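> Fold the following.
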Amino acid sequence: MYSKWYRDMASGQVSSPNPIKFGDDLELDLGAYELRRAGRPLKLERIPMELLMLLIEQRGQLVTREQIAESIWGRDVFVDADTSINSAIRKIRQVLRDEPENPRFVQTVTGRGYRFIAPLVGPTAPDEAVAAKEESPPPVPPESAPKPTTTRRYWIAGLVAAGLLLALVAVTARRQLLTKPPPAAIRSIAVLPFENLTGNPEQQYFADGMTDALITALAQIRQLRVISRTSAMHYRDTRKTLPEIARELGVDAVVEGSVSRTNRRIRINAQLIQASTDRHLWAESHDRDIEDVLMLQSELARAISSEVQIQLTSQEQANLTAKRPVNPQAYEAYLEGRFFWNKRSKESILKSIEFFDEAIRRDPGYAAAYAGLADAYNVGGCGAPMAIPISEGGPKAKAAALKAVELDGNSAEAHTALGMAMNCYGGKLFAVESEFRKAIALNPNYAPARHFYAVLLLGWRNQEGIEQIQEAVRLDPVSPNSNGLLGEFLFETRQFDKGILQLKKTLELDPNQHNSRVRLGFAYAIVKRYAEAENEFREAERISPGTLSSLGGLAYVYALEGETARVEKMLPELEANAVKTGHPWIVCLVYVGLNRRTEALRWLEKAHDDRDFWFDLENPLVDPLRSDPAFEKLNTRVKAVRSAIPK
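Here you go, the predicted model:
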């Protein structure tokens, strides 16, 4: 549906007018179908744009909610009109910077509708001549005009009948088009960040948590590809249109919505929009007590799967039905834990542990909280932030992950956390791989499972690892973590130029992605671009001061540049840090840079014996050691263990 102005222009009844100006610097260009401020296009989706055009077209007059619904959606389309109109008005006010309590543009007439109250400059109506022509009665033929013959009357009657038939067919076709499912199948979907309508910016974690929960619920549906959280959150404050977002993410449809809450009650408004046409397919509102929030997310997931005509399997039905009530305080603590965990800094990881512990204290049977706690210890002790010593993080990560699996054996998150804990802190390779495979079998859309499985395969079965990380990127297209790991695989397989390009692309997504800065530094170093390598390691150190990987990377480059004295001053602290954190690998690389093979091989052996997460004999950085018999002996041992593992 489109406004009368736009229909008239599309049909050629009127030419495209000059932009309609209002406010201090706003203009609505009907011909370009664009709203601008000071000449700069503003993001406004189709439904809000149609509503704004309708209100301006009827400026000064009350436009009822019934008129809005019929004009924009027609009479034969099922949609939660109240929710959709409220959402559209809210978006109009946001883009116009209008206040509902003291409006300059859109006035609410409580219980009735809306009125556009701002004065307009420029064309305010369709072409006057056309309008007059449309309103004037048809000319009456003079008395002297000859009356139609009988044959002409038959022809006229036939034409009228044919016209009526065509009109009936057109109306029927229109109704079928609007009431039937979209012709194109929807097999991929993105849930955009829910809007926080609580009135409290500090409740943003709650809106993000609702987004996460719906993504998790939808991701259990095998026939539906669901974009992961990281990529969805990338579009929180974007000015891009829904079709643009959908094209970038490669999805057929998007879900957007809002979250509000009052005491123990929460309300979620959600709508499903077909990406190619920006057409609203479905909208619903749900009110629940917070204890039933997990069931609410399952209901939304089932409703969406029904709308896109996906038949759920019995297992999927069970997964989306068997949801235990959750303690409200535990759930909120869990959401805050995930909110801080996703930030990935040392401070935020430690903060997330506090919230996960609080969630477990309030609800000891809450599996998701244990999985979150394991993830925090995994990232904090094994990942780049290194916020927790391995001696502390390892046992706690394993214990939390095992408890999560015990409480919910069908949780892909729990099995992924357990697989990563065993991979980080010591576990048999076949058992680690088994956990990742279980997680992927339970939820093929869970990108972290594929990501961490790829980490396991790095330097072992690189081709399979590349396939897993490519799938993770497909599920999470703008994730810096997965894009960065793809760059590391390209480096690992000696595609240095491609690896550098991939890592630079990753840093365009997130310039503060510490891991990718370090990876790019080593990639530059191996192709002898030392100045650029130094710059990347310094940037990594700025992002996360005192981190072993960035400081060790700097020492490695200094060694390659011949600054031996400078490296010697750094080595004692690096070695102590490496022993403390359980990462002897980085010290091995520094000695490789210094061309001191004996020390390099000693630290390489230590990295193997200590189960250093970064240990990798296929890495090009240790190529200078390959001809040494000690390296060959170690490599033979590693291959013998890996070859004994059944695939």
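
> drop to CA atoms for contacts and neighbour counts, all remaining ones
Noted.

> my guess is Ala256 is in a helix, correct?
No Ala there; residue 256 is Glu. No: with DSSP: H, G, I helix; E, B strand; the rest coil as the criterion, Glu256 is assigned strand and is not in a helix.

> So it is in contact with Asn196, correct?
No: using C-alpha atoms under 8 Å, Glu256 makes no contact with Asn196, being 11.8 Å away.

> Looking at the two, which one has more neighbours?
Legend: neighbour count by other C-alpha atoms under 10 Å for Glu256 and Asn196, higher for Asn196 (21 against 18).

> Test of understanding: give the bridge partners of that one.
With DSSP bridges as the criterion, Asn196 is bridged to Val259.

> residues in contact with it?
Going by C-alpha atoms under 8 Å, 6 or more residues apart in numbering, Asn196 touches Gln203, Gln204, Phe206, Ala207, Ser258, Val259, Ser260.

> List just the nearest of those to Leu28.
The nearest member of these to Leu28, counting by C-alpha to C-alpha, is Ser258 at 26.9 Å.

> Might you report the residue contacts of that closest one?
Contacts for Ser258 (C-alpha under 8 Å, 6+ apart) come out as Phe194, Glu195, Asn196, Leu197, Ala207, Ile268, Asn269, Ala270.

> re the thing from before, can I get the contacts of Asn196 in TSV including distance to Asn619?
Formatted as TSV, the contacts of Asn196 follow (distance: C-alpha to C-alpha, whole Å):
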residue	distance to Asn619
Gln203	44
Gln204	42
Phe206	42
Ala207	42
Ser258	46
Val259	47
Ser260	50
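
> Burial check on Gly39, number of neighbours?
Neighbours of Gly39 under the rule other C-alpha under 10 Å: 10.

> And the helices in the stretch 501-647 of the chain, which stretches?
Secondary structure of the stretch 501-647 of the chain (DSSP state H, counting those that start in this stretch): helices at 514-526, 530-543, 548-560, 564-581, 585-593, 597-609, 629-643.

> Quick one: closest of the ones you listed to Ile360.
Taking C-alpha to C-alpha, helix 564-581 is the member of the helices of the stretch 501-647 of the chain nearest to Ile360, at 27.0 Å.

> any idea of the pLDDT on Ala173?
Listed pLDDT for Ala173 reads 43.

> Domains in the chain, by residue range?
Domain assignment of the chain by automatic domain parsing yields the ranges 4-129, 188-325, 546-647.

> and the residue nearest the centre of the chain, how far is that from Glu618?
Note on the chain: the residue nearest the mean C-alpha position is Ala232, at 1.5 Å, using C-alpha atoms, centre = their mean. Ala232 is 34 Å from Glu618, where distance means C-alpha to C-alpha, to the nearest Å.

> Can I take it that His280 is in a strand?
Yes: using three-state DSSP, the secondary structure at His280 is a strand.

> Name all residues that make contact with it.
Contact analysis of His280 by C-alpha under 8 Å, 6+ apart lists Val79, Gln271, Leu272, Ile273, Gln274.

> Hmm, Leu335 and Gly209 touching each other?
Yes: here Gly209 reaches Leu335: they are 5.5 Å apart, a contact under C-alpha under 8 Å.

> Compare those two and say which one has the larger neighbour count.
Neighbours were counted for Gly209 and for Leu335 using other C-alpha under 10 Å; Leu335 has more, 26 against 22.

> coming back round to it: check which helix or strand covers the residue nearest to the centre of the chain.
helix 229-233 (DSSP states H and E).

> ditto for Val379
Element membership for Val379, per DSSP H and E: helix 367-382.

> do the same with Asp237
Applying DSSP H and E, one finds Asp237 in no helix or strand.

> burial of it, as a residue count?
Neighbours around Asp237, by other C-alpha under 10 Å: 8.

> same check, this time on Ala118
Counted with other C-alpha under 10 Å, residues neighbouring Ala118 total 17.

> quick one: it and Ile68, what's the gap?
19 Å.

> Residues contacting stretch 309-322, please?
By C-alpha under 8 Å, 6+ apart, the list of residues contacting stretch 309-322 from outside reads Ala217, Gln220, Ile221, Gln223, Leu224, Met295, Ser298, Glu299, Ala301, Arg302, Ser305.

> Go again with 10 Å.
Outside stretch 309-322, the residues that touch it by C-alpha atoms under 10 Å, 6 or more residues apart in numbering are 181, 185-187, 217-218, 220-224, 294-306, 410-411, 442.

> of those residues, buried ones?
Among the contacts of stretch 309-322, the ones that count as buried by 16 or more other C-alpha atoms under 10 Å are 186-187, 217-218, 220-224, 294-302, 304-305, 410-411, 442.

> Now intersect these with the helices, please.
Among those, the members falling in helices (DSSP state H) are 217-218, 294-302, 304-305, 442.

> Mind checking which of the contacts of His280 are in strands?
Assignment to strands by DSSP state E places the following of the contacts of His280 there: Gln271, Leu272, Ile273, Gln274.

> if we take those, which one ends up nearest to Phe436?
The closest of the ones in strands among the contacts of His280 to Phe436 turns out to be Leu272 (C-alpha to C-alpha; 31.7 Å).

> Count the neighbours of Asp623 for me.
Counted with other C-alpha under 10 Å, residues neighbouring Asp623 total 11.

> picking up where we left off before, for the ones in strands among the contacts of His280, give me TSV that also has neighbour count, pLDDT and distance to Ala318.
Output for those, formatted as TSV (neighbours: other C-alpha atoms under 10 Å; pLDDT from 0 to 100; distance: C-alpha to C-alpha, whole Å):
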residue	neighbour count	pLDDT	distance to Ala318
Gln271	23	89	24
Leu272	23	91	23
Ile273	21	89	27
Gln274	24	88	28
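
> May I see these arranged in a markdown table, with distance to Arg324 as well?
Compiled in a markdown table, those are given as follows (distance: C-alpha to C-alpha, whole Å):
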| residue | distance to Arg324 |
| --- | --- |
| Gln271 | 26 |
| Leu272 | 27 |
| Ile273 | 30 |
| Gln274 | 32 |
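
> ok, so of these, who is nearest Arg361?
Nearest to Arg361 among those, with distances taken as C-alpha to C-alpha, is Gln271, at 35.6 Å.

> Was I right to think that closest one contacts Gly257?
Yes: here Gln271 lies in contact with Gly257, judged by C-alpha atoms under 10 Å, at a distance of 6.2 Å.

> Give me the common contacts of those two.
Common contact partners of Gln271 and Gly257 (C-alpha under 10 Å, 6+ apart): Thr83, Ser84, Ser87, Val191, Ala283, Glu284, Ser285.

> How about the fourth one: which residues does it bridge to?
Looking back up the chat, that one is Val191. In this entry, Val191 is beta-bridged to Val255, by DSSP bridges.
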